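Student: Model the following, please.
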Amino acid sequence: MNRKSIRLAERRERLVVQAAAQRTALAKNLEPWRAPLALADQGVAALRYVRRRPALLVGVMLMVAVLRPKRLGRGLGLVWGAWQLGRRLLRR
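Tutor: Below you'll find the model as predicted:
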């Protein structure tokens, strides 16, 4: 091998070691965020599920209306607010 090839091979080796160290450091820094991000991911998945099945939301609201008419207004307000928030989040 000529000198240039040897230098390139050495540089590549240093860069590979540096990249491995950076991956390890990044994994350590992101570890505390793993659980909150997993929970947020589940929430987004639930919103997408309900968004694809609007009849499910209507059915649940009808059950609420039948079982607890006094709390219907409050429940509708909460569901409507959650629905709007979910739509805004999914647009991004």
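
Student: just so I have it, where are all the helices in the protein?
Tutor: 3-30, 34-52, 54-67, 72-91 (DSSP state H).

Student: Is it possible to get a markdown table of the ones you listed that adds mean neighbour count and mean pLDDT?
Tutor: In this view, the C-beta of every residue, glycine as well, is placed from N, C-alpha and C. Output for the helices of the chain, formatted as a markdown table (neighbours: other Cβ atoms under 10 Å; pLDDT from 0 to 100):
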| stretch | mean neighbour count | mean pLDDT |
| --- | --- | --- |
| helix 3-30 | 10 | 95 |
| helix 34-52 | 11 | 89 |
| helix 54-67 | 11 | 80 |
| helix 72-91 | 12 | 79 |
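
Student: residue closest to the middle of the chain?
Tutor: Centroid check for the chain by Cα atoms, centre = their mean gives Asp41 as the closest residue, at 2.9 Å.

Student: contacting residues around it?
Tutor: By Cβ atoms under 8 Å, 6 or more residues apart in numbering, the contact list for Asp41 is empty.

Student: measure it to Arg34 for me?
Tutor: 10 Å (Cβ to Cβ, to the nearest Å).

Student: next one: Val64
Tutor: Using Cβ to Cβ, we find Val64 at a distance of 35 Å from Arg34.

Student: Lys4 too?
Tutor: Distance from Lys4 to Arg34, by Cβ to Cβ: 44 Å.

Student: Quick check: closest non-adjacent residue to Val64.
Tutor: The shortest distance from Val64 to any non-neighbouring residue, by Cβ to Cβ, 6 or more residues apart in numbering, is to Gly75 (5.2 Å).
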